[in-house]
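Asker: the following comprises the amino acid sequence and a computationally predicted model.
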Amino acid sequence: MSQQQRVKKPIWKRWWVWVIAGLLVFAMIGGCGGNGNNEEAADEPEEQVEVVEEVEEELEEEPVEEVTDFLTAEEVIDRFILFELPVGETIIYDEETCPNNLLGRPGQYMGKADWEDTRVEQYGDSLTGGTIEIFEDDDTLVKRKEYIEPFLEEGVFLQYMFIHKNVIVRVDKELTPSQADEYKDALQSL
């Protein structure tokens, strides 16, 4: 019997299987490459830099004026001086020098200054004239006002108190009501 038996090759030894497998591998690699447009991907950072540079140029050309009702202690003192009030020495406090250790603390003022009124005799190291306290929000300002008011009614701590925007100004009792009103008018002009 000379019948030839034909032996089938296993599938992994056939040439066409390897060709299909190779095509599948290339297709998968190509699919993992992103959007397939490598030139655009490479150009994106440069385009972003150009946009940022254009925005910076626009900002330089048109200065933006910050609009705020938020006043500082320095601005209040400057306004008193502009109104030609007799402001002598001034002290602008920071969180290290604040005599009450309240500046910048939670629920307290965020700016404080004292000034000397040259019409009033000065005693000791503290300035006699007034105090400015700056607040971040209305709630904190109202809490401070309500805390201070009982002290202001007593003879020892008697002061005039004026409130405008985010500021409490307390003027010393040594000044007459009309002199204190000069500070009030300057404050309200801000």
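Answerer: In hand now; what should we look at?
Asker: so which residue is smack in the middle of this structure?
Answerer: The residue lying closest to the centre of the chain (Cα atoms, centre = their mean) is residue 136, at 11.1 Å.
Asker: give me the neighbour count for the residue lying closest to that residue once chain neighbours are set aside.
Answerer: Residue nearest to residue 136 in three dimensions, not counting chain neighbours: residue 110, with 5.2 Å by Cβ to Cβ, 6 or more residues apart in numbering. For every residue, glycine as well, the C-beta is placed using N, CA and C. Counted with other Cβ atoms under 10 Å, the neighbours of residue 110 add up to 19.
Asker: for residue 95, what are phi and psi?
Answerer: Here is the backbone geometry of residue 95 (degrees, to the nearest 10): phi -60, psi -20.
Asker: the residue nearest to the centre of the chain in helix, strand or coil?
Answerer: Here residue 136 is coil, with the state taken from DSSP: H, G, I helix; E, B strand; the rest coil.
Asker: just to check, it is in contact with residue 167?
Answerer: No - the pair residue 136 / residue 167 is not scored as a contact, 11.6 Å apart, by Cβ atoms under 8 Å.
Asker: how about the helices in the protein?
Answerer: 15-31, 38-61, 73-82, 138-152, 177-188 (DSSP state H).
Asker: least confident of these, on average?
Answerer: Between the helices of the chain, the lowest average pLDDT goes to helix 38-61, which shows a mean of 53.
Asker: what's near enough to touch residue 135?
Answerer: With contact set as Cβ atoms under 8 Å, 6 or more residues apart in numbering, residue 135 has these partners: 109-110, 141, 144, 166-168.
Asker: in a markdown table, list these along with distance to residue 126.
Answerer: Shown next, in a markdown table, are the contacts of residue 135 (distance: Cβ to Cβ, whole Å):
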| residue | distance to residue 126 |
| --- | --- |
| 109 | 18 |
| 110 | 21 |
| 141 | 23 |
| 144 | 19 |
| 166 | 24 |
| 167 | 20 |
| 168 | 18 |
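Asker: of all these, which two lie farthest apart?
Answerer: 110 and 168 (12.1 Å; Cβ to Cβ).
Asker: show me what contacts residue 185?
Answerer: Counting by Cβ under 8 Å, 6+ apart, residue 185 touches residue 83.
Asker: beta partners of the nearest residue to residue 131 once chain neighbours are set aside?
Answerer: What sits nearest to residue 131 in space, not counting adjacent residues and going by Cβ to Cβ, 6+ apart, is residue 170, at 4.7 Å. Judged by DSSP bridges, the bridge partners of residue 170 are residue 131, residue 161.
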